Every structure is written in C-alpha cells, then in structure tokens.
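K.L.:
requesting a structural model of the entry that follows:
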Amino acid sequence: MTDLAAITAQLAARAEEHDREATFPHEGVALVHQHGLLTETVAARYGGPGAGLGRTVEILTALGAGDPAVALVTAMTLFNHAGQALAPTWPAPYYQRVLAESAAAPTLINALRVEPELGSPARGGLPATVARRVADGWSLSGRKIFSTGGEALAWMLVWARTDEDEPRVGSFLVRGGSPGLRIERTWDHLGLRASRSDDVVLDDVRVPVDATIDLAVPVPDARGATLFAWNCLGLTAMYLGVANAARDWLVRFLHERVPTSLGRPLATLPRFEAAVGEIEARLASAAVLVRALAGGVDAGDPEAIRRAPVGKLIGTRAAIESVQDAVALVGNNALNRRNPLERHLRDVLCARIHTPQDDTILTAAGKAALSRFGKECNP
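P.N.:
From the prediction side, this is the model:
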C-alpha cells in the first residue's frame, strides 16, 4: 500500500519554494506518478486499479496537506480517468495513447473551459473559442483562462463551439505543445501560486477530425451528476488536507512556544486546548461527512450524489474557518512568510472559487427544501 504520509512529507519539503517563486512543481508530479497515484482511477477494464471516489478522497487529502498545487493537477487528471471509467467518451485510440503515455511518464489531463468573457461555464453561455472545419480536421482559435497546470499538460480538453450554421459544442483533444498553442504566464494569484493556472492561447491549432468528446448541439449542462459529485468531494478533500497541515503546524507551534512570563508551553493552557479542540472537531466532522458521501457515491446512492455539493459547502467552510482560527490563535507569527501557516491561509481561501460556488449550492438546496415543503402542504 502506498505510504501517503511519506508522500505528503516529501511534497511539503518544497511547497514553500514553489509557492514563493510561483514555479510549477514538476518533481512533485513526478513523485505522484512514481507511486501510481495519477492513474488510480483508471478503470479495471483498461488494466487500471479502478479506484473509486472514497480512495480518491484519501489521496487528495494527503496531497493537499503536502502541496495543494500538486493535489490540484492530480485531481484534474484523476477526474478525467474517472469520467472515462463511469461513461466512456474519449475516442478509443486516443485514450489508449493516454494510457500508454501514462505508463511511461506523468501524463496530466485537464479540461479547459473558462474564458475571459464567459466566466464560469457552469453559469451558462457558449464558449468564444471556435472550431472551424478544415481539410485535415479542425482549427481551434481562442483563449482559456485559469488553465491549471497549463505548461505541464499532456492533454487539454478544450471546450469550444463550431462555426457551423447550427453550432455544436464539445471538447477538442489538444496535445500540449501543439503548433499554434502558447502559454501566457498571467497567473499571479493569492493562493495556489505553484499551480500555474495561466492563460492558454490557441491560434489555428489543428486537431484531427475524430479528436472530439461530446460534440453536439448545446444542452444546459451535459456533465453527469456522478462525476460532478467527484469534483465537489475530491476538491473538498484537498482543502481539508490544507487545513490538516495548518492544524498540525499550529499544534507544533503551541508545544514549542514557551513565553518567559508563563514558563511552560502554550499548549498547556486551557484556552488553547479548547481552541484546538474546536478546530479538531470541525475538521473531523467535515472529513467524516466527505468520506461518507464519497462512499455513497461509489455505491451509486442517488441521495449521496445529490448531497455532494452540500458536502463541498460544509467541508470547504470547515477548512477555511479552521485555518483562520489557527491564524487568530498564533497572531503575528501566523502571517510571517517564514511560517507555512501564512501559505496555508492563502491556499485554503481558494476553496471558494471552485464550481459550484456557495450561492449556487445554497440556492439549489433552498429551492429543493421549499419545493418538498410545498408538495407536503399542497398534496
């Protein structure tokens, strides 16, 4: 069994360096690949381990505690393999190439959907990136923003529309380093700085005619509910890993900090015992919820699948609040860049930006509850 704790420690050793310099953690991704974690969710029918969401939550929690930038690019790759396991959409020859490449070297995959004008595609709208039919396939032109791991991606699933009279929308399989593709280093973010979520610009990038996924007339949201639950709970696990690392640093700090006026460690004071207990209870409860929902998703429980966004809301709030509480307990030292708590705070705040955002989750949950109550009152 993979020693996830050892991998966490190795990733953590260089996380501060990559954050400070905003450099992509290539060696961290290589470490994850070395231990087979990038392909854990490859289905058994393709010769893979066939890991479910429960195992993925365990992996991403550990990687998030070490280096969340590595965890995030790993998550995107795991989700893509999981999607293929749940409902195959990749053209068979292309997925076989991905598997062959993955056996030899780290093979990162990510779906590039967000654009400057469109914002989050989850809130509706058509992409401005256009695919034009040419003699040898498709020609793609456009710009994708927040393209996590862009410089290191082996495969990009570029969401685009065709220029046909009745446009179709889908994902086009673009190889990293393709002619006409360039990375603009626009990523200068508060947190997850090492993720290098730069702009990807496509200028007449050629794609074979059969290198497409789900190319069809637009529908509101073609993503499956189960894979959406993977995204919600997997990323929440990653941020709970960040919060776990912050808690661990706090505990060490309180044991090592011995004010001369006190003559004993801060960890011995009831005030700090209660405060750490609050953090511990919050994180433990969130972890239990995420694991339980992940188990339900793996079992095909429709209620767990439906509740996954709420699990994200509760889990990410627990992670953010716990790190903020740790900062408040430590004071000035917490915001000193010599200490990792400052980085954990910046990283965990990024939990709020992932789809679905809190307002969408709460609105959907509220509408569902009100609808149920309305049916009960007006049978």
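K.L.:
so how far is Phe272 from Val330?
P.N.:
10 Å (Cβ to Cβ, to the nearest Å). Glycine gets a C-beta too; all of them are placed from N, C-alpha and C.
K.L.:
which one's more surrounded, the two?
P.N.:
Using other Cβ atoms under 10 Å as the criterion, Val330 and Phe272 rank with Val330 on top: 21 against 17.
K.L.:
that one contacts Val251, correct?
P.N.:
No - Val330 lies out of contact with Val251 (Cβ atoms under 8 Å); the separation is 11.2 Å.
K.L.:
pairing partners for whichever strand or helix holds Ser141, with directions?
P.N.:
Taking DSSP states H and E as the definition, Ser141 sits inside strand 137-147. Applying DSSP bridges, strand 137-147 is found paired with strand 130-134 (antiparallel), strand 198-207 (antiparallel).
K.L.:
any weak-confidence spans in the stretch 251-379 of the chain?
P.N.:
374-379 (pLDDT under 70).
K.L.:
can you give me the helices in it?
P.N.:
Under the criterion DSSP state H, counting those that start in this stretch, helices of the stretch 251-379 of the chain are mapped to 270-298, 302-330, 340-348, 358-377.
K.L.:
closest one to Leu63 among the ones you listed?
P.N.:
Of all the helices of the stretch 251-379 of the chain, the one in closest proximity to Leu63, counting by Cβ to Cβ, is helix 340-348 (12.3 Å).
K.L.:
ok and the closest one relative to helix 302-330, angle-wise?
P.N.:
Angle of helix 340-348 versus helix 302-330, following axes from the mean of the first three to the mean of the last three Cα atoms, to 10 degrees, is 150 degrees.
K.L.:
just to revisit the earlier point, distance between the strand holding Ser141 and the chain's centre?
P.N.:
Its chain's C-alpha centre and that of strand 137-147 lie 21 Å apart, by Cα atoms, centre = their mean, to the nearest Å.
K.L.:
how about stretch 130-149?
P.N.:
Mean C-alpha position of stretch 130-149 versus that of the full chain (Cα atoms, centre = their mean) differs by 23 Å.
K.L.:
likewise stretch 76-84?
P.N.:
11 Å.
K.L.:
with stretch 9-20 instead?
P.N.:
Worked out by Cα atoms, centre = their mean, stretch 9-20 lies 18 Å from the chain centre.
K.L.:
which parts of it are buried?
P.N.:
Applying a neighbour-count criterion of 16 or more other Cβ atoms under 10 Å, one finds 10-12, 14-16, 18-19 buried in stretch 9-20.
K.L.:
now the residues you listed in a markdown table, with secondary structure, pLDDT and distance to Ala284?
P.N.:
Formatted as a markdown table, the buried residues of stretch 9-20 follow (DSSP: H, G, I helix; E, B strand; the rest coil; pLDDT from 0 to 100; distance: Cβ to Cβ, whole Å):
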| residue | secondary structure | pLDDT | distance to Ala284 |
| --- | --- | --- | --- |
| Gln10 | helix | 98 | 25 |
| Leu11 | helix | 98 | 23 |
| Ala12 | helix | 98 | 21 |
| Arg14 | helix | 98 | 29 |
| Ala15 | helix | 98 | 24 |
| Glu16 | helix | 97 | 27 |
| His18 | helix | 98 | 29 |
| Asp19 | helix | 98 | 27 |
